[in-house]
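one predicted model, sequence on top.
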Amino acid sequence: MSRINLAVIGVGLIGGSLGLCLKNKLGDAIHITGLCRTEESMRRAVEMGAVDEATADIAAVVGDADIVFLSPPVLQIVPMVERILPFLKPGTILTDAGSTKGFLCEALKKILPPSIYYIAGHPMTGREKSGVTAATKDLFRGKAYVIIEDPSVPPEVMERLMHILRYTEANFTTLDLARHDRCAAVISHVPHLAAAALVTLLNRSGDDLDSCLKLIGGGFKDTTRIASSNADMWADICMTNRKPIVDALHEMQAILGTVADAVERGDRAAIYDYFTASKQRRDSILHDAGQKFDTN
Ligand SMILES: NC(=O)c1ccc[n+]([C@@H]2O[C@H](COP(=O)([O-])OP(=O)(O)OC[C@H]3O[C@@H](n4cnc5c(N)ncnc54)[C@H](O)[C@@H]3O)[C@@H](O)[C@H]2O)c1
Ligand SMILES: O=C(O)C(=O)C[C@]1(C(=O)O)C=C[C@@H](O)C=C1
């Protein structure tokens, strides 16, 4: 099989992890060119082995690409596609890692010619750290990876992309756009907003703040790890999935309101039921998913 040319636009945590994984598995059978913005990030990406070469030159990065993996923050993706479009060869596959999908698919559909294929994706894995230095070759292994259903993509084109993505050893699943965005709001976007709210609550503890800080243990750490995530990335996510996020936040406000009422009136049975139902649900989800959880 001839060598695959992959362009990674935005060689950070996700783009860098894909590059590391594919170089590790495919060696010289894949050539990866990365688009970076600074000399420093170019140097790091090459040194780490996430890309074969790095450049800030858009034409050079995508000119030979068979597949372009877009992994900057969501609001940078459409402007980036507008910039690379004149340099893409017919038949090139574009895919992305953006955390929201409806906004991107709608915008890209309007600007892409039929000779360029777009297959929307979302690897459900990450870290609270960003940049290529946080990248790891096994980031995707065993994690869910959503591919958005699109009957207009010919099966052989889909297979060309999947042939490469399968090397990540992710668990691929297909979803339609609206369902993806609703589910991502519930299992990812609102949890990040809620983690930030817990940190905000701590910040508002007034005269108690110093004492609270001394007491921090597993509970706070476990529930707020993701509050250390990149603000730029999360602002873009919230801006591009507004309705599902607001709907889920309202649901959550209602849930917290009900619990607050139960605590206020001293209704132990209601409080017990609340914790019992959530424990049963979480335990069964983890059991069904066969996931190993670190309970320390
Ligand atoms: N971090 C996660 O947990 C996670 C998980 C799944 C998907 N995603 C999505 O993947 C994408 C990347 O996230 P990440 O965590 O890798 O972020 P990151 O900050 O680690 O990497 C983004 C990279 O894009 C580069 N970049 C930004 N704007 C650019 C531009 N205009 N031109 C060229 N490069 C540009 C940055 O310099 C950086 O190297 C985002 O769209 C995010 O929503 C993130
Ligand atoms: O593990 C983390 O740090 C993550 O936040 C990863 C996470 C998530 O919410 O699960 C974050 C954003 C994504 O789009 C997908 C995955």
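Yep, that arrived. Keep in mind it's a predicted model, so treat the numbers as computed, not measured. Ligands and ions are numbered 1, 2, ... in the order given.

what residues does the chain put near ligand 1?
9-15, 35, 37, 41, 71-74, 76, 80, 97-99, 123, 126, 130-131, 230, 233, 237 (Cβ under 6 Å from any ligand atom). In this view, the C-beta of every residue, glycine as well, is placed from N, C-alpha and C.

distance between stretch 150-161 and the chain's centre?
22 Å (Cα atoms, centre = their mean, to the nearest Å).

which helices and strands does the helix or strand where Gly34 lies pack with?
For Gly34, the host element (DSSP states H and E) is strand 30-35. Judged by 3 or more Cβ pairs under 8 Å, 6 or more residues apart in numbering; DSSP states H and E, strand 30-35 is in contact with strand 4-9, helix 13-26, helix 39-48, strand 53-55, helix 58-62.

would TSV of those with distance to ligand 2 be doable?
Shown next, in TSV, are the helices and strands packed on strand 30-35 (distance: least, Cβ to the nearest ligand atom, whole Å):
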stretch	distance to ligand 2
strand 4-9	17
helix 13-26	9
helix 39-48	20
strand 53-55	24
helix 58-62	24
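
how far away is Leu6 from Arg179?
Distance, Leu6 to Arg179, by Cβ to Cβ, to the nearest Å: 29 Å.

please report how far the residue most central in space within the chain lies from Ser229.
The chain has Ser99 as the residue nearest its centroid, 4.6 Å off, counting by Cα atoms, centre = their mean. According to Cβ to Cβ, Ser99 stands 11 Å off from Ser229.

just to revisit the earlier point, A helix includes the residue nearest to the centre of the chain, no?
No: under the criterion used here (DSSP: H, G, I helix; E, B strand; the rest coil), Ser99 is coil, not part of a helix.

hang on, it packs against His192?
No: look at Ser99 against His192 with Cβ atoms under 8 Å: they stay out of range, at 9.7 Å.

any chance you could list residues touching both of these two?
Ile237 (Cβ atoms under 8 Å, 6 or more residues apart in numbering).

would you map out the domains in the protein?
4-175, 180-265 (the TED database).

quick one: the helices in this structure?
Ranges of helices within the chain are 13-26, 39-48, 58-62, 74-84, 102-111, 155-165, 177-184, 190-203, 209-215, 218-224, 231-239, 242-264, 268-289, based on DSSP state H.

need the winner for burial among those helices.
Using mean count of other Cβ atoms under 10 Å, the stretch among those with the largest mean neighbour count is helix 13-26, at a mean of 24.
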